[in-house]
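Chemist: Give me the fold of what follows.
(2 chains)
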Amino acid sequence: MGYPHHPHQRETTVLSQYFGDAEARTLDGWKKRGGYKALEKALGMAPADIVNIVKESGLRGRGGAGFPTGMKWSFMKPGDGKPHYLCCNADESEPGTFKDRELMRWTPHALVEGCAIGAYAIGAETAYIYIRGEFTEPLYWMDKAVKEAYAAGIIGKNAMGTGKRLDVHVHKGAGAYICGEETALMNSLEGRRGNPRIKPPFPAVSGVFGMPTTINNVETLIASAPILLNGADWYKKMSLSSPKSTGTKLYSVCGNVQRPGNYEVVMGFPFKEFLYDLCGGPPHGRKFKAVIPGGASVPIQTMEEAEATLMDYEGFVAQGSMLGSGGVIVIDDAQSMVSVIARIARFFAHESCAQCTQCREGTAWTTKIMERIRDGQGTHEDMDTLLDIGEQMTGKTICVLSDSCAVPVASGIKKFRAEFEALIPGGRVHPVIAAVA
Amino acid sequence: MAEKKMVNLTIEGRPVSVPDGTTILEAAKTAGILIPHYCYHPGLPIAGVCRMCLVEVEKAPKLAPSCATTVTEGQVVHVYSEKSLDARKGVLEMLLINHPLDCPICDQSGECELQDYTYQEGREDSRYREPKRFNPAEDFGGDVIYVPNRCILCTRCVRFMEDVAHEPTLNVSERGDRALIGKFEGRDMTHPWAANVIDLCPVGALLSKDFLNKARAWELDRASSICPNCTQGCNVIMETRENQIVRMRPRPNEEVNSFFMCDWGRLNYRWMNERNRVELPMVRRGDVFAPTTWEAAITAAARALNGKKVFVAASPMLSNEALFLLTQVMQGGTGAFRVTEGEEAPLAGVDDLALRRERAANVYGAEALGFTKTKDLLGGLKQGDVLVIAGEDLVGIDAGALTRASDIVVISSVLPEVTKSASVVLPIANFSEEEGTVTNLRGRVQRFTQARQAPGETRPSWLVLGDLLGALGKQSNFFLPSDVFARLAATNKSFAGLSYDTLGFKGLPLADAPKTAPKAPVAAGAA
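Modeler: Numbering: from 1, shown residues only, chains lettered A, B, ... in the order given. Next comes the predicted model:
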């Protein structure tokens, strides 16, 4: 869906159907569109039944990791005597991703409703919506929606007159990429420096304020409402491919395409048609060269890989990448891959929280080498060094920021090595290439 | 508390059995394996950030940080597998890319964990070709200087101030490779225990102003001792260079001081180096003190004391051994001592640990051995008594009070100004120059060893007093301070059952000492 919000005919607009519809932002408008019906239904059900429906629907986390939502909710043990918390991750800091922003801008009540349903399902009375600091407009609408919902008695001490307590708080972050990592988000929410925590303990055991906590992405929580209303089967059917990936997914498309924007398609949609048909293909006279399909931290796809991809969790993995957050960054043949990767590395070096050695030093070192190659000062050894640093940065740190920096670099060198070599002065042929030739 | 369940695992092929909840790193120590680490410290909450202690655990998908991973039954851990070594080599290379490698001018050199582990497991060279980051050194206040270029951001200092001192002062400022340790606005490292961050720092990033550029680590001689500066009795290492104490550092003892010592105690060592010493045994000849032989001086002292009523003005810095022998020498006389006082300064995060009000090592021992604590030191001196001044400097004492004494014998390291009328002067070693034991305020008897050589003909107090006892016709074949202690243990019920061997270097409580719980280590948890 490009601006100004006319959905493409091949989209399946479940979450995005009210994008551009200003009236849907208000409580009355939202109710007119069937809003808060799902919450009403949920509050009449046992929490375990809600968890089961979500489990059955196959809904998976839309923030990046794709963890089954129902299973995550079932980790929260009812009756353990501790307060439970729900956190909504609205930090949306993954470069290339801007779907949660639009969800919050146009359908803030959908998120309030999703949070209330999620909180009720996991036995929590409090939900926190952690919004990234740069999102001033989404924050404005969310604040307004939460106030309206409180005033109407939809949430609060006596949610919808059921006697159940459901509080929703909106918390503004200060604009750090790492605060989108769930444990860093919790630290930030508690007023500490946004450093990821060591796991275990996992949030379901010890999360916000040391209490059992579930943390879900904006899109995930919003999707829970239509699932409750229409049933798990309805959701499961919205899949063209793997039964492990169900429902619709919002993709944020940016970069070198004719029509960038947010698009909602069902799981298993062919990526090739998505790029050429929905997004309108490359700018005139250019050709697509590469795609980063799930935000800056996933492996880069060549066009061959991308065009063979079915858009779901398994489909992207089968073609050398990941679904991630659904932030599709499209790169055409006028761009230098080395420049693109150097810029991505610089982003991660800037955002590393500085706890783990490999990440703090590795991201910066990677950036320095990448920029040196980009500036024509590289050597052939640099590529080996980069790959080796990448190895050291993978799977050895508290969170995956360091892995996220290594991934685009490693996939870039492997898939676009010729572009790197073209920038290296001196023309000495790499020993491996010499051996092959 | 119920006994904890024991967990059996294998570390580097060695079977290990440790209580449930132990970390792999601590379990490995019991097998004699020190897994390299930086951010972990047993006295601090676990951070798990340096990633140096990564080890391979069979069936685990990733390498495990051994400081933050608890043992499980049947676990098989490989500390030196190719994967673990490669990961640690990687960490070391990363830690050094921005490090200035200025070991030749760094105070930490020789006792630096970055040096040690790099020599053990690091690469021979670096692949880093880019410019290094630079940040200027900063005065953190108190005794602490910060050299950010050497910092590895292990955050031990941050956690000490926050979780042990309970006075958050330091933080990690900035992100990525720009990160460095910062001070909160308006805060300084002036907490009475702040200088512990210098010992905690595994590299040369936090340095002591007092020790700055004073000595290289390998030039130092080290002695196990006890801090003589208050009644807490913190276990310390006294370090000397060319017979001068140049530094005192805490020695871990979970029963007394955990891993720490206060700044006041740490920096108050210069008095033991002072040169205003009496170095020769002397006897009075008319108006002057005449140097003489030890035999002649001891004989003269024995003559002065024999059959007389004796009053001893003792110092609470003297060892249990010296004080015990004094009680033998005074033949039914009385003894008193006084203590300098200051403000109490507790370390909030550790139970029963403080810089104590009473600023001397052996107050409890002196009382246990029958000396009276008093403000009026010579109040008990009767007309005609023989006054023995043992280690007391008599500062602030009116010379007039001394005229009550029929004779004065000085057994001291420093000759007090007001004792010109003494008939005999026996020079003894000071606290740092002899071996002995002291008893802390909880009745714990702890050994200290000799750190420096005593000047001139000075002899250890126990030797001098033993000889004096012999000259008085008592049995006194003491060849070592442990012989004196054995006699003390045989004759004094409080000391019964103790010996140098059983005391070891962590000490034991007196038989009648109040029971104290061992210091609980700081609650482990995410920082």
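
Chemist: Chain B contacts on the stretch 101-250 of chain A?
Modeler: Counting by CB under 8 Å from any CB of the partner chain, the stretch 101-250 of chain A comes close to chain B at A:176, A:193, A:197-198. Placement of C-beta: from N, CA and C, glycine included.

Chemist: between the residues you listed, which is nearest residue B:54?
Modeler: residue A:198 (12.9 Å; CB to CB).

Chemist: List the contacts of the biggest helix by length in chain B.
Modeler: For chain B, the helix with the greatest residue count under DSSP state H is helix B:82-97. Contact partners of helix B:82-97, identified using CB atoms under 8 Å, 6 or more residues apart in numbering or on different chains, comprise A:357-358, A:360-362, A:365, A:391-392, A:396, B:36, B:38, B:50-52, B:54-56, B:63, B:78, B:114, B:117-118, B:121-123, B:126-128, B:130, B:132, B:152.

Chemist: Can you add pLDDT and distance to residue B:230 and give the residues of the stretch 101-250 of chain A next to chain B back as a markdown table?
Modeler: Below are those laid out as a markdown table (pLDDT from 0 to 100; distance: CB to CB, whole Å):
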| residue | pLDDT | distance to residue B:230 |
| --- | --- | --- |
| A:176 | 93 | 46 |
| A:193 | 95 | 36 |
| A:197 | 96 | 39 |
| A:198 | 95 | 38 |
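
Chemist: just the strands in the stretch 301-437 of chain A please.
Modeler: Secondary structure of the stretch 301-437 of chain A (DSSP state E, counting those that start in this stretch): strands at A:301-302, A:310-311, A:327-332.

Chemist: thinking again about what came up before, show me the contacts of helix B:82-97 that map onto helices.
Modeler: With DSSP H as the criterion, helices contain A:357-358, A:360-362, A:365, A:391-392, B:114, B:117-118, B:121 from among the contacts of helix B:82-97.

Chemist: List only buried entries from the residues of the stretch 101-250 of chain A next to chain B.
Modeler: The neighbour-count criterion (16 or more other CB atoms under 10 Å in any protein chain shown) marks A:176, A:193, A:197-198 among these as buried.

Chemist: returning to what we had before: kindly reformat the ones in helices among the contacts of helix B:82-97 as JSON lines containing distance to residue A:271, neighbour count and pLDDT.
Modeler: Converted to JSON lines, the ones in helices among the contacts of helix B:82-97 look like this (distance: CB to CB, whole Å; neighbours: other CB atoms under 10 Å in any protein chain shown; pLDDT from 0 to 100):
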{"residue": "A:357", "distance to residue A:271": "37", "neighbour count": "28", "pLDDT": "97"}
{"residue": "A:358", "distance to residue A:271": "32", "neighbour count": "30", "pLDDT": "97"}
{"residue": "A:360", "distance to residue A:271": "35", "neighbour count": "27", "pLDDT": "97"}
{"residue": "A:361", "distance to residue A:271": "36", "neighbour count": "32", "pLDDT": "97"}
{"residue": "A:362", "distance to residue A:271": "31", "neighbour count": "31", "pLDDT": "97"}
{"residue": "A:365", "distance to residue A:271": "33", "neighbour count": "27", "pLDDT": "98"}
{"residue": "A:391", "distance to residue A:271": "29", "neighbour count": "16", "pLDDT": "96"}
{"residue": "A:392", "distance to residue A:271": "32", "neighbour count": "24", "pLDDT": "97"}
{"residue": "B:114", "distance to residue A:271": "48", "neighbour count": "25", "pLDDT": "97"}
{"residue": "B:117", "distance to residue A:271": "47", "neighbour count": "21", "pLDDT": "97"}
{"residue": "B:118", "distance to residue A:271": "48", "neighbour count": "20", "pLDDT": "97"}
{"residue": "B:121", "distance to residue A:271": "45", "neighbour count": "17", "pLDDT": "96"}
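
Chemist: Skipping its backbone neighbours, what lies nearest residue 406 in space?
Modeler: I'll assume chain A. Leaving aside its chain neighbours, residue A:406 sits nearest to residue A:390 (3.6 Å; criterion: CB to CB, 6 or more residues apart in numbering or on different chains).

Chemist: The intended chain is chain B.
Modeler: Excluding its sequence neighbours, the residue lying closest to residue B:406 (CB to CB, 6+ apart) is residue B:384, at 4.8 Å.

Chemist: just residue B:439 next, same as before
Modeler: residue B:365 (3.5 Å).

Chemist: Return the backbone torsion pair for that neighbour.
Modeler: Here is the backbone geometry of residue B:365 (degrees, to the nearest 10): phi -60, psi -40.

Chemist: before we move on, what about residue B:176?
Modeler: When read as degrees, to the nearest 10, the backbone of residue B:176 gives phi 50, psi -150.

Chemist: how many other residues sit next to the residue nearest to residue B:406?
Modeler: 11 (other CB atoms under 10 Å in any protein chain shown).

Chemist: what's the answer for the one 4 residues further on, then?
Modeler: For residue B:388, the neighbour count with other CB under 10 Å is 31.

Chemist: Kindly present the residues of the stretch 101-250 of chain A next to chain B as a markdown table, with separate columns for distance to residue B:343 and secondary structure.
Modeler: Converted to a markdown table, those look like this (distance: CB to CB, whole Å; DSSP: H, G, I helix; E, B strand; the rest coil):
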| residue | distance to residue B:343 | secondary structure |
| --- | --- | --- |
| A:176 | 43 | coil |
| A:193 | 34 | coil |
| A:197 | 39 | coil |
| A:198 | 39 | coil |
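
Chemist: ok, of these, which one's closest to residue B:489?
Modeler: Nearest to residue B:489 among these, counting by CB to CB, is residue A:198 at 49.2 Å.

Chemist: Many thanks, I have nothing further to ask.
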